[in-house]
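Asks: quick one, fold the following:
(2 chains)
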2 protein chains.
Amino acid sequence: MAQRAANTGRTSGHPSNANSAATSINSLAVERDGRVRVVIEGVSPAVPGGGFAVKRVLGEPVEVEADIFADGHDRIAAVVRHRAVGSGTWNDSPMESLVNDRWGGRFTVLTEGPHEFCVQAWIDHFGTWRRDLKRRAEAKQNLAAEYPIGAALIDRAINAHPPSRVDLLRYAELLRGESNADRLEHALDERLASLMFQADERRFAAESEPTRVWVDRQRAQFSAWYELFPRSTGADAATHGTFRDVLGRLDGVAAMGFDVLYLPPIHPIGRQFRKGKNNTLNAGPEDVGSPWAIGGLEGGHDAIHPALGSVEDFRALVKAARERGMEIALDLALQCSPDHPYVIQHPEWFKHRPDGSIQYAENPPKKYQDIYPFEFECEQWQSLWNEILRVVLLWVERGVHIFRVDNPHTKPFALWEWLIAEVKRRDAGVLFLAEAFTRPKVMHRLAKVGFTQSYTYFSWRNSAAELREYFTELTATASVEYFRPSAWPNTPDILPEYLQHGGRPAFVVRAILASTLCASWGVYGPAFELMDHLAVAPGSEEYLDSEKYQIRAWETDRPDSLAPLITLLNRIRRENAALQQDRTLLFHACNNPAILAYSKTDGDDCIVVVANTDSYHVQWSSVDLDLAALGLAAELPYQMHDLLTGTKYRWQGRTNVVGLDPATSPAHVFRVRRHQRTEAQFEYFL
Amino acid sequence: MAQRAANTGRTSGHPSNANSAATSINSLAVERDGRVRVVIEGVSPAVPGGGFAVKRVLGEPVEVEADIFADGHDRIAAVVRHRAVGSGTWNDSPMESLVNDRWGGRFTVLTEGPHEFCVQAWIDHFGTWRRDLKRRAEAKQNLAAEYPIGAALIDRAINAHPPSRVDLLRYAELLRGESNADRLEHALDERLASLMFQADERRFAAESEPTRVWVDRQRAQFSAWYELFPRSTGADAATHGTFRDVLGRLDGVAAMGFDVLYLPPIHPIGRQFRKGKNNTLNAGPEDVGSPWAIGGLEGGHDAIHPALGSVEDFRALVKAARERGMEIALDLALQCSPDHPYVIQHPEWFKHRPDGSIQYAENPPKKYQDIYPFEFECEQWQSLWNEILRVVLLWVERGVHIFRVDNPHTKPFALWEWLIAEVKRRDAGVLFLAEAFTRPKVMHRLAKVGFTQSYTYFSWRNSAAELREYFTELTATASVEYFRPSAWPNTPDILPEYLQHGGRPAFVVRAILASTLCASWGVYGPAFELMDHLAVAPGSEEYLDSEKYQIRAWETDRPDSLAPLITLLNRIRRENAALQQDRTLLFHACNNPAILAYSKTDGDDCIVVVANTDSYHVQWSSVDLDLAALGLAAELPYQMHDLLTGTKYRWQGRTNVVGLDPATSPAHVFRVRRHQRTEAQFEYFL
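Replies: Predicted coordinates:
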């Protein structure tokens, strides 16, 4: 931990020579005050590697810890200093010694935007004197010589902190008094200790380098997303849906309890090399193309596909969503079709082949001739960045405060760090979800540079062991300080094998897992609630007749729809604070490897989920709860209230047994009602 | 990991506006080149918290690793850049991709003193083109359009690296040639790849912040210490020994194989409040006092106790030791007796009580009136620091290149960081051993700020489980990068309970453990080899009739002396490189908790120690060796050659059984001879 002296100004510079010693040493290379004796190391929370902000939401506490120690045996005092960046004054929260030189303190973040904190610690000379006085008194030593030392410390504090002058003067007088018994009492007075802590001039204090804290609104951490292709909301598969049609769907989506409605790109779509149905190379004139092939004669990233409606229609949609407690999230896909206006206006932003043509996207030997990537190493990279910022701010102005960023891992990290900072500097409430299904370190770097939320490997973690390992990694490590996971059972690009073959039970359990493992989750609908499970080919995760390339008509009122389950899950999430964060996720042992048990707690609210990851067979398992972590006593019964079925069970002790039939109830979502004092009370309560 | 662009100079500053966009964005707050796309994180080795140097000895390799990745799918090239600090030019060692975006490289340190390294990485455009060309060729695509791209990359490299001009020009020509088959062969030529790596201009390279490496001479890591009170080397307990008497002991100490002879303070000893025998308060006129009560009328830290001899005698001792392959280590105890010249000459370096007296050392309610500590928070701290530096350099000039520092944890960390740096700046070969038996984080901080070696908790870790846990912590964590442990079975302050009651077997097993667990070990003799085990009081770790307060006469030629065992252990250490470092220490499972098994390896040299920590009973145990770690094949026998007894055992497979009788052989120190190809060869070899 880099560290600096808080008061270096006072005594820096080159010291005079030691006049005592005939020596060849002519100067001391001391750059800081050598009297800063306290060391501060290992400050947490922190983003590994340093330099990046840890993330919190409004009202969340920041539990700060640090190793703090000094030479010798003097007492140390320490505080966490915190402030909103730019606010000038620091606020101090006291820290206390925990164990093994570890100290802890906390503060709560109450405004959105950038905050910072540091740890400050100094030798507590008065506290040391007081502690030693107590020990001397206990050993019945003569204390007469000690009081003047304490009085002198008080004198010094008076000069450092005039507001306590009157009180402290009185104590100094008392300590200089006659009566030994009285003096001891005054010297050890708690009020004096408190005044002296206030008045301490914190001489030679050490201070850790500031740690940045980014504070988001609540939705950054707790959100339920619904992805919908607007063009598939028309009367039938032959009719291009419009924003007005989406308006008609809002009540249904809101009723399911979603609070973010995410739309794939709504911009004009290219014609050259347009993809046909099921990603075929030869599109017919009726084919609508992929919304991610952005840009046509009608405009680029700042334009709206004419078939969807106008800017005014879009604004109306944003407004209607807001009235239903929802936000519209837009896709931000930084790539162009060959028809994008940039290709003519800004050829300098693309890579050119020796024959003068623009380089299309490739992953050799695969070619994607319908997509031109930007060349971020071009000479004019700065004007490109500025244009991207302009586009994002334009949509912010049109009411979009959440962006789902397409493949951010194929654009420079530095771009995202800058772009997100620039946007948030103007509007701290704008959120970014990173759609980077790639290697773990790349995904984590994107979160570090500023993405609010991140898609996860959840879609492919199906077994209990896989889920336990992965979510432990995401929530029980420093990852939790900056990487906010979002769990999606499906996306337009991912129809996992598990859903292709597991039938309705697979969809049910994946919805339960996603919505309770992760404070943020999402589905691509109506494909999800209607259990669309047909892949375009064996071994493929692509949907058959994917909406990426064609309009689909969905029978949203089908009686077997999972909408009621989803509605219930989102209601349970809203009613239980425990499910609105990921920090307290804890897995519990099960003796059947098909069964996964985990809990989330927030104060009194405690949810335990037990799920059967086998979508074919009934599975029985013992569940071995970590009672201490859940605040449960081993000797008293507790109530397990299944919020999915309403059934209440009475459990006792660590180990209880569950049986889960995928056909009827593949999971329990229990609200735990903790033990009461007496057995009689419990009976009454049950 | 903080990171900077290697080439920021080229393109920094404010960019021009995006002229395409009518926008309110007037300037870009980009402080670095946004085209630096590579990210470098998690560079190792590193000292946790950063800023401090990792430690190596001459000729040791530095295995560097880092997470290195970029956006997209381009190939990356990376090197470790390293140099002696101040030497100007960097040396490059190539890095290669390991797994999961982790890269590795290595270099070897060949000169003493400060070194530094950083990781540099950049997008390898030619490598990317070459990889893609291969894939395209495998997919039988038309490559005609690709060759000019490769040729253009070669053209650019020629400008960046003129030495390769002739060769590269030829390749560029060949790639612009006619024959497709030939062109492919030339394009994929390994030599071209190598030339292009050499010539790469490393555009937009990223570079990690430099990591410092302190390179010591070998003895910093591999040393055997013998502590001796010079005054106890006289004819009898009534005669004060001299440096000349110590001379007479040198051959004996050297014969035991020690290479550091450490002397407690050799300075004049105070008279005021002098301690009597067994630390009593009333010393008689014949009492010699504690050598740590430094300073008298005869002088202070720069003087020699007149009864020991003169500066010339001391120089003669240093010289004689060197002739026997040994060094003299001095004690550096920064404290004064009330008679120290500083008390008169520099009262400003001490703390004054209100009555004007100087504050003696205290740990209330205990008082140490024979010791005045320095007041490191005094106004004149700089002259105090300078004087300490002067004293140390004076002894360096008198031939002392190793200091054992007494209680460094009661003096400021900043002092040590500065002092050690100042001394090593003048003489990189000066080593410092920290005698800080205190809390773990304090001990580790002292190692971080520069101490070469550190005393450890070894003295109190007696059970197999304790030793396994503690030495795993010291050698299998980042601790190994900066904290060099030294294991001492006893010191003048520590006669552990285990030695008080365990008899000869306890001394034997502790010597074997200390000398093989730790590349540096030491004993306080002759108390150790003569098995002095009487404590001053029950429950105390202080020796009865401690040499700290009186002269002792030792019968060094006693027939039961452990000198032969120690001689053998030090010989085994010298003959086995595996025992000269701690980095490869590995513990192996035993089914008897009294038995400890561990190995150290260095290339072909492989030592396995199996020790019985129960000094009373015969113990049998299975030993479950990690064969893969030892380079042993499961299906072939291997030879276990006990270097203590000469006995050779034939083992096979993971699990073998040992029985250890504390009375005769409390431990095996095996040299492992690895399996030969065939059974017949093994028989022959055995």
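Asks: and the next helix or strand past the helix or strand hosting residue A:599?
Replies: With secondary structure defined by DSSP states H and E, residue A:599 is part of strand A:595-602. Going down the chain from strand A:595-602, the next helix or strand is strand A:605-612, by DSSP H and E.
Asks: work out for me the element residue A:499 sits within.
Replies: Assigned by DSSP H and E, residue A:499 falls within helix A:497-501.
Asks: output the below-cut-off pLDDT ranges for chain A.
Replies: Along chain A, the parts satisfying pLDDT under 70 run over A:1-31, A:180, A:675-686.
Asks: of all residues in it, which one is nearest the centre?
Replies: Residue closest to the mean C-alpha point of chain A, counted by CA atoms, centre = their mean, is residue A:484 at 3.4 Å.
Asks: so what's that residue closest to, chain neighbours aside?
Replies: Leaving out its chain neighbours, the residue that sits closest to residue A:484 by CB to CB, 6 or more residues apart in numbering or on different chains is residue A:453, at 4.7 Å. To be clear about C-beta, it is placed using only N, CA and C from the backbone, and glycine gets the same treatment.
Asks: residue A:269 now?
Replies: The shortest distance from residue A:269 to any residue other than its chain neighbours is 4.3 Å, reached at residue A:289 (CB to CB, 6+ apart).
Asks: who's in contact with that neighbour?
Replies: Applying CB atoms under 8 Å, 6 or more residues apart in numbering or on different chains, we find residue A:289 in contact with A:269-271, A:274-275, A:283, A:549.
Asks: just flag the most distant two among these.
Replies: Largest separation among the contacts of residue A:289 by CB to CB: A:271 and A:549, giving 14.2 Å.
Asks: helix, strand or coil for the residue in the stretch 551-686 of chain A that chain B sits nearest to?
Replies: Per CB to the nearest CB, residue A:582 is where the stretch 551-686 of chain A lies closest to chain B, at 22.9 Å. Look at residue A:582: counting by DSSP: H, G, I helix; E, B strand; the rest coil, its state is coil.
Asks: cool, residue A:36 as well?
Replies: For residue A:36, the assignment made with three-state DSSP gives coil.
Asks: before we move on, the earlier item: could you pull up phi and psi at the residue nearest to the centre of chain A?
Replies: phi -100, psi 110 (degrees, to the nearest 10).
Asks: residue A:583 versus that one, what's the distance?
Replies: 11 Å (CB to CB, to the nearest Å).
Asks: number of residues surrounding residue A:262?
Replies: Using other CB atoms under 10 Å in any protein chain shown, residue A:262 has 20 neighbouring residues.
Asks: how near is it to residue A:320?
Replies: Per CB to CB, residue A:262 is found 16 Å from residue A:320.
Asks: ok, now residue A:630?
Replies: 42 Å.
Asks: check residue A:131 too.
Replies: Between residue A:131 and residue A:320 the distance is 66 Å, computed by CB to CB.
Asks: what does residue A:342 give?
Replies: 32 Å.
Asks: what's the answer for residue A:507, then?
Replies: Using CB to CB, residue A:507 is found at 29 Å from residue A:320.
Asks: between those two, which one's more packed in?
Replies: Set residue A:507 next to residue A:320 and count neighbours by other CB under 10 Å: residue A:507 wins out with 25 against 19.
Asks: mind checking what secondary structure the more buried one has?
Replies: Judged by three-state DSSP, the three-state class of residue A:507 is helix.
Asks: correct me if wrong: residue A:519 contacts residue A:578.
Replies: No. In this structure residue A:519 lies outside contact range of residue A:578 using CB atoms under 8 Å: 9.6 Å.
Asks: and these two? which has more neighbours close in?
Replies: Applying other CB under 10 Å to residue A:519 and residue A:578 shows that residue A:519 carries more neighbours, namely 27 against 23.
Asks: quick one, what contacts the more buried one?
Replies: With CB under 8 Å, 6+ apart, residue A:519 has these contacts: A:221-223, A:484, A:579-582.
Asks: most surrounded residue in those residues?
Replies: Comparing these by number of neighbours (other CB under 10 Å), residue A:484 comes first, having 29 neighbours.
Asks: now it: how far from residue B:231?
Replies: In this view, residue A:484 and residue B:231 are 68 Å apart by CB to CB.
Asks: can you check residue A:73 too?
Replies: In terms of CB to CB, residue A:73 sits 31 Å off from residue B:231.
Asks: quick one, which of these two is more surrounded?
Replies: residue B:231 (25 against 14).
Asks: for the residue nearest to the more buried one when sequence neighbours are not counted, grab the count of nearby residues.
Replies: Counting by CB to CB, 6+ apart, residue B:231 lies nearest to residue B:241, which is 4.7 Å off, once chain neighbours are set aside. Residue B:241 has 24 neighbours, counted by other CB under 10 Å.
Asks: and residue B:241, what is it in contact with?
Replies: Neighbour list for residue B:241: B:229-234, B:308, B:551 [criterion: CB under 8 Å, 6+ apart].
Asks: that one in helix, strand or coil?
Replies: Following three-state DSSP, we place residue B:241 in the coil state.
Asks: isn't the residue of the stretch 551-686 of chain A closest to chain B up against residue A:486?
Replies: No. Judged on CB under 8 Å, residue A:582 makes no contact with residue A:486 at a distance of 10.3 Å.
Asks: pull up the overlap in contacts between those two.
Replies: With contacts taken as CB under 8 Å, 6+ apart, residue A:582 and residue A:486 have residue A:518 as neighbours in common.
Asks: circling back to that earlier point, now the helix holding residue A:499, how far from the centre of its chain.
Replies: Using CA atoms, centre = their mean, to the nearest Å, the distance from the centre of helix A:497-501 to the centre of the chain it belongs to is 29 Å.
Asks: and that helix, what does it pack against?
Replies: In terms of contacts (3 or more CB pairs under 8 Å, 6 or more residues apart in numbering or on different chains; DSSP states H and E), helix A:497-501 is packed against helix A:503-517.
Asks: number of nearby residues for residue A:165?
Replies: Residue A:165 has 13 neighbours, counted by other CB under 10 Å.
Asks: in which helix or strand does it reside?
Replies: Going by DSSP H and E, residue A:165 is in helix A:165-175.
Asks: tell me the helix or strand right after that helix.
Replies: Sequence-wise, the next helix or strand downstream of helix A:165-175 (DSSP H and E) is helix A:180-187.
Asks: so how far is that next one from its chain's centroid?
Replies: Here the centre of helix A:180-187 is set off from its chain's centre by 53 Å, with CA atoms, centre = their mean.
Asks: is it up against chain B anywhere?
Replies: No. Applying CB under 8 Å from any CB of the partner chain, one finds helix A:180-187 separated from chain B by no less than 13.8 Å.
Asks: what's the angle from that helix to helix A:165-175?
Replies: Helix A:180-187 and helix A:165-175 are oriented at 150 degrees to each other (axes from the mean of the first three to the mean of the last three CA atoms, to 10 degrees).
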